[in-house]
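In: Here's my sequence, what's the structure:
(chains A and B)
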Amino acid sequence: MRYAIALPFLWLAVFFLLPFALVLAIALGTNAPDVAPPVELGFSLKNFALLFSDDLYVAAWLSSLRIAATSTLIALLLGYPMAYAIARARPERRPLLLMLVVLPFWTSFLIRIYAWMGLLAKNGLIDQFLRWSGIAENPGSILGTEWAVHLGIVYAYLPFMVLPLYATLEKLDTSLLEAAADLGARPLTAFLTITLPLSLPGIVAGCLLVFIPSIGEFVIPDLLGGTETLMIGKVLWDEFFTNADWPLASAVAICLLVLLVAPIALFQRQQARSLERRT
Amino acid sequence: MHAGPIADSIVRIEGLTKRFGAITAVDGVDLEIRRGELFALLGGSGCGKTTLLRMLAGFEVPDGGRIVIDGQDMTGVPPHLRPVNMMFQSYALFPHMDVATNVGYGLRREGVRAPEIATRVAEALEQVKLADHAGRRPAQLSGGQRQRVALARALVKRPKLLLLDEPLAALDRKLREGTRFELVRLQEQLGLTFVMVTHDQEEAMSMATRLAVMNTGRVAQVGTPHEIYERPASRFVADFIGIANILEADGGWLALRPEKITLSANRPDAANTVAGKILDIAYEGDRSLYRIVTEGNGTMVVSTTNIDRTQPASFARGQRVWLGWSADAGHRVSE
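Out: Numbers count the residues shown, from 1 in each chain, chains lettered A, B, ... in the order given. This next block holds a predicted model:
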């Protein structure tokens, strides 16, 4: 029994703590292109100093934050009505609707993003449709813009918004809404004063589940975004594979991790609090 | 007793019908509820009492018939526009608001100004003796306290009609008895009209001014508790309320309550007598119930009040006894 409890800690130590220590060690070293691996270990903070002094990294950070925040907001605005509708659907229909939400997971993430490339490209399906229908004469390519990145992130992470929202909305006691109506609340007022505040844990959980992975997203900005779409995940990739600067890439990774710890800690505290309230 | 509409009626229900799929939950109910009375809807589960209450509140839309509240047709009016408030069986307190905010919720919806809300909320909490719990969350209250918050939240709106859905069902037995009197006291003090749904006949009988006994979506009988008990209209009502011996008499049925029958060792001097043998004795402290196999009337139930503390039981199991009752002890009932 005691060993069973130790197992997840062992897992974390081997697959998280150890790699983290390695990455940290590399980040503190210096770039040495002539040896393999191209690192000379040491204790230097110059990689971190560079991250904060070079405009590129700060800009990538800010733009990652902006794109992740905007996408999260769009996902919330789309996901809330979806989750609400599923939670209010007839009970026997809910499993099917939930399955439709997670159905995209049956196909590889990468393939789905490639499919979007085909849809969004110049002379792609959407482009052709716009020309054919006469909505736009020369719409141009959506692919390679920040719009495509938003679209990709919202598309890929929407289920992570819908599922926690559904979980809180489904638990919501409908007699509370009847009580609100009975006390004179119009449907919209009842929603704003009862449903919305009581689904706040779901909103927080959903937003963090979308925001956290999208901030470090690499595949979507790389495949759907253009050269002007700057995201920290892409910068990291470039440092590592294009510039082969392992220490700098590691420093970016460490910073990413540290900055993501804040929302994750927030998420955990909120989860603990809602657990507390239930008991 | 009375023909035509009651002069001081606050609710008039005409031919009210509600179907759920193939099931007719409420089947052509006509009812009149008087201003200032505590009216109980009594029946077993699935008899339609809760559906009827929910139609009064506006949560269910009737398939037929009318609901008139205080002279206004309310049949199609949504719940938030009705002069009616409900106390839910689960209390339905808003978990994210403290007691005072819960109680003031309905007043804020009316647009009452903040100082007046504060006064009225304090007054309502005073009425239910929760003045010093205004800042608590519902989760921090006991079951009885929650019930009183729910009551205050409904009362504070001064509704024309207060609906109570099984108001005491979630309380434990001891608390229930005290709360029963408390509810009746409040109802009389405020002069409001209460409509209460309950499956507990004791509750309905002891609290209600009048009650309607419901069965399979229909009203079996409406009357005062005394009328319902002593003059049941049908075998169903006689059987449902208390214990009744149903005897065949002159091609009809006679409902005879156990306490109207005397038990003696020798043939008594009564209008009706029958001999029998004691099958079972149930000692309940205040009274004893005897099940007796009679010669001609099947098994009958007789109760005796245990008045004398020192006297030993007069009858034993298996003993042959005589049952006697007066000419007007029974009440003729329809099928």
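In: Report how many residues lie close to residue B:37.
Out: Using other CB atoms under 10 Å in any protein chain shown, residue B:37 has 18 other residues around it. The C-beta positions use only the backbone N, C-alpha and C, and glycine is treated the same way.
In: in terms of contact, does it touch residue B:212 like I think?
Out: No: Residue B:37 sits out of contact with residue B:212 when judged by CB atoms under 8 Å, with a separation of 11.8 Å.
In: ok, which residues in chain B are in contact with chain A?
Out: Taking CB under 8 Å from any CB of the partner chain, the part of chain B that reaches chain A is made up of B:57-59, B:78-81, B:84-86, B:88, B:90, B:92-96, B:105-106, B:109-110, B:139, B:153-154, B:157.
In: For the stretch 51-200 of chain B, which segments count as helices?
Out: With DSSP state H, counting those that start in this stretch, the ranges of helices along the stretch 51-200 of chain B come out as B:99-110, B:114-127, B:143-155, B:173-190.
In: from the middle of its chain, how far away would the shortest one be?
Out: Between the centre of helix B:99-110 and the centre of its chain there are 29 Å (CA atoms, centre = their mean, to the nearest Å).
In: Report all helices and strands that that helix contacts.
Out: Using 3 or more CB pairs under 8 Å, 6 or more residues apart in numbering or on different chains; DSSP states H and E as the contact criterion, the neighbours of helix B:99-110 among helices and strands are helix B:114-127, helix B:143-155.
In: mind giving me JSON lines with the ones you listed and columns for distance to residue B:229, mean pLDDT and mean neighbour count?
Out: Listed next are these as JSON lines, based on distance: least, CB to CB, whole Å; pLDDT from 0 to 100; neighbours: other CB atoms under 10 Å in any protein chain shown:
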{"stretch": "helix B:114-127", "distance to residue B:229": "32", "mean pLDDT": "95", "mean neighbour count": "16"}
{"stretch": "helix B:143-155", "distance to residue B:229": "28", "mean pLDDT": "94", "mean neighbour count": "23"}
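In: Adding distance to residue A:43, write these out as TSV.
Out: Shown next, in TSV, are those (distance: least, CB to CB, whole Å):
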stretch	distance to residue A:43
helix B:114-127	62
helix B:143-155	62
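In: and the gap between the residue nearest in space to the middle of chain B and residue B:107?
Out: When CA atoms, centre = their mean is applied to chain B, the residue found nearest the centroid is residue B:204 (2.4 Å). Residue B:204 is 31 Å from residue B:107, where distance means CB to CB, to the nearest Å.
In: again, but for residue A:248
Out: As judged by CB to CB, residue A:248 and residue B:107 stand 63 Å apart.
In: And residue B:272, by the same measure?
Out: Applying CB to CB, the value for residue B:272 to residue B:107 is 61 Å.
In: Please say which of these two ends up with more neighbours.
Out: The residue with more neighbours, out of residue B:272 and residue B:107 and counting by other CB under 10 Å, is residue B:107; that gives 23 against 18.
In: Could you report the neighbour count for residue A:91?
Out: Other residues lying near residue A:91 total 7 when counted by other CB under 10 Å.
In: and it, what does it touch?
Out: Applying CB atoms under 8 Å, 6 or more residues apart in numbering or on different chains to residue A:91 gives no contacts.
In: quick one on the thing from earlier: of all the helices and strands packed on helix B:99-110, which lies closest to residue A:93?
Out: Each of the helices and strands packed on helix B:99-110 has some distance to residue A:93 by CB to CB; the shortest is helix B:143-155, at 32.6 Å.
In: helices or strands next to the closest one in the packing?
Out: With contacts taken as 3+ CB pairs under 8 Å, 6+ apart, helix B:143-155 sits against strand B:84-87, helix B:99-110, helix B:114-127, helix B:173-190.
In: distance between the shortest one and the chain's centre?
Out: Looking back up the chat, that one is strand B:84-87. Taking the mean C-alpha point of strand B:84-87 and that of its whole chain, the gap between them comes to 17 Å (CA atoms, centre = their mean).
In: what's next to that strand, contact-wise?
Out: A:178-179, A:182-183, B:53, B:56-58, B:69, B:74, B:106, B:150-151, B:153-155, B:157, B:159-165, B:167.
In: Alpha carbons of it, as PDB, please.
Out: Extracted in PDB, the C-alpha atoms of strand B:84-87 (Å, rounded to 0.1, in the frame of the first residue of the first chain):
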ATOM      1  CA  VAL B  84     -47.000  33.500  -5.400                       C
ATOM      2  CA  ASN B  85     -44.000  32.300  -3.600                       C
ATOM      3  CA  MET B  86     -42.900  28.700  -2.900                       C
ATOM      4  CA  MET B  87     -40.900  27.000  -0.200                       C
END
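In: Sheet partners, orientation included, of it?
Out: With DSSP bridges as the test, strand B:84-87 is paired with strand B:161-165 (parallel).
In: Contacts for the partner strand next, please.
Out: Counting by CB under 8 Å, 6+ apart, B:10-11, B:33, B:50, B:53, B:56-57, B:69, B:83-89, B:154-155, B:183, B:187, B:192-197 sit against strand B:161-165.
In: what does stretch B:125-135 give?
Out: Taking CB under 8 Å, 6+ apart as the criterion, the residues outside stretch B:125-135 that touch it are B:98-100, B:103, B:121-122, B:141, B:145, B:148-149, B:151-152, B:155, B:186, B:190.
In: now do stretch B:281-289
Out: Applying CB under 8 Å, 6+ apart, the set of residues contacting stretch B:281-289 from outside is B:243, B:258-259, B:290-291, B:301-306, B:313, B:315-317.
In: got it, and stretch B:166-184?
Out: Counting by CB under 8 Å, 6+ apart, stretch B:166-184 makes contact with B:38, B:87, B:89-91, B:143-144, B:147, B:151, B:164, B:194, B:196-200, B:203, B:206-207, all of which sit outside it.
In: repeat for stretch B:214-231
Out: Contacts made with stretch B:214-231 from outside it, assessed by CB under 8 Å, 6+ apart, are listed as B:24-31, B:41-44, B:46-49, B:52, B:204-206, B:208-213, B:232-234, B:236-237, B:240-242, B:257, B:331.
In: and if you look at stretch B:302-315?
Out: B:243, B:258-259, B:261, B:263, B:265, B:278, B:281, B:283, B:285-290, B:292, B:321, B:323.
In: Near chain B, which residues of chain A? Just list them.
Out: Proximity of chain A to chain B, by CB under 8 Å from any CB, involves residues A:173, A:175-176, A:178-186, A:189, A:193-194, A:197-198, A:277.
In: Show me those residues that map onto helices.
Out: Using DSSP state H, the members of the residues of chain A next to chain B that fall within helices are A:175-176, A:178-182, A:189, A:197-198, A:277.
In: Give the residue spans of chain A that score low on pLDDT.
Out: Per-residue confidence for chain A (pLDDT under 70) gives these ranges: A:1, A:139-140, A:274-279.
In: Buried residues, whichever helix or strand residue A:268 is part of. List them.
Out: When elements are assigned from DSSP states H and E, residue A:268 belongs to helix A:246-278. Residues of helix A:246-278 classed as buried by neighbour count (16 or more other CB atoms under 10 Å in any protein chain shown): A:246-256, A:260, A:263, A:267.
In: counting contacts, what elements does that helix pack onto?
Out: Applying 3+ CB pairs under 8 Å, 6+ apart, one finds that helix A:246-278 contacts helix A:18-27, strand A:30-31, helix A:46-53, helix A:200-215, helix A:232-237.
In: can you put those in a markdown table and add mean neighbour count?
Out: As requested, the helices and strands packed on helix A:246-278 are exported to a markdown table (neighbours: other CB atoms under 10 Å in any protein chain shown):
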| stretch | mean neighbour count |
| --- | --- |
| helix A:18-27 | 15 |
| strand A:30-31 | 18 |
| helix A:46-53 | 15 |
| helix A:200-215 | 22 |
| helix A:232-237 | 22 |
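In: give the contact list for residue A:249.
Out: In this structure, residue A:249 makes contact with A:236, A:239-240, judged by CB under 8 Å, 6+ apart.
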